[in-house]
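Novice: Below: sequence and its predicted model.
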Amino acid sequence: MNEKIIERARGIIEERAGGPQNFCTLAFVDPDGYPHTTTISISKSGGIRWLTFCTGTGAKADIINLCNKASVCINSADYHIALTGTIEQITAPNVKKEMWYDGLKNHFSGWDDPNYCVLKFTTERYNLLVDWQEARGSLT
């Protein structure tokens, strides 16, 4: 049963990544130990296993470098996908170039802009409510 729900969630995430409704919420722990939640666009995904986000090297990246625990929530009236895991900042030029898309031109000079980075979220646990069926589990 979980495999069917996981596959449906994978499809939803892949449809959202890079599309017009590509946003989700990303939550992590700030330096004072409080939760911090932000809305961010999904760039690419490996289903529920991992998601990437393109952002600046400022506040979010600084916080993540202090504590890599995070969660992602993707929802609509029809589904709720909650993922818990770890997140890392990636500044490797080959990854930045691969993840670059035209919409980022509004914020950065190019894929080699030193203020641009990629965040990679890796799922450890999931809680899915898709097509009114629920699945919970661990990927580790």
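Specialist: Arrived safely, thanks for sending.

Novice: you'd agree Lys60 is in a strand?
Specialist: No: under DSSP: H, G, I helix; E, B strand; the rest coil, Lys60 sits outside any strand and is assigned helix.

Novice: pLDDT score for the closest residue in space to it that isn't next to it in sequence?
Specialist: Closest residue to Lys60 apart from its sequence neighbours, by Cβ to Cβ, 6 or more residues apart in numbering: Thr38 at 6.6 Å. For every residue, glycine as well, the C-beta is placed using N, CA and C. With respect to pLDDT, Thr38 scores 90.

Novice: which parts of the helix ranked longest in the chain are buried?
Specialist: Of all the elements of type helix in the chain, the one with the most residues (DSSP state H) is helix 2-16. Neighbour counts over helix 2-16 (16 or more other Cβ atoms under 10 Å) mark Ile5, Ile6, Arg8, Ala9, Arg10, Ile12, Ile13, Arg16 as buried.

Novice: would a markdown table of those with distance to Gln89 and pLDDT be doable?
Specialist: Below are those laid out as a markdown table (distance: Cβ to Cβ, whole Å; pLDDT from 0 to 100):
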| residue | distance to Gln89 | pLDDT |
| --- | --- | --- |
| Ile5 | 31 | 92 |
| Ile6 | 27 | 92 |
| Arg8 | 30 | 93 |
| Ala9 | 25 | 94 |
| Arg10 | 25 | 92 |
| Ile12 | 26 | 92 |
| Ile13 | 21 | 93 |
| Arg16 | 22 | 85 |
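
Novice: Tabulate those residues (JSON lines), appending distance to Asp30.
Specialist: Converted to JSON lines, those look like this (distance: Cβ to Cβ, whole Å):
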{"residue": "Ile5", "distance to Asp30": "32"}
{"residue": "Ile6", "distance to Asp30": "31"}
{"residue": "Arg8", "distance to Asp30": "33"}
{"residue": "Ala9", "distance to Asp30": "28"}
{"residue": "Arg10", "distance to Asp30": "30"}
{"residue": "Ile12", "distance to Asp30": "29"}
{"residue": "Ile13", "distance to Asp30": "26"}
{"residue": "Arg16", "distance to Asp30": "26"}
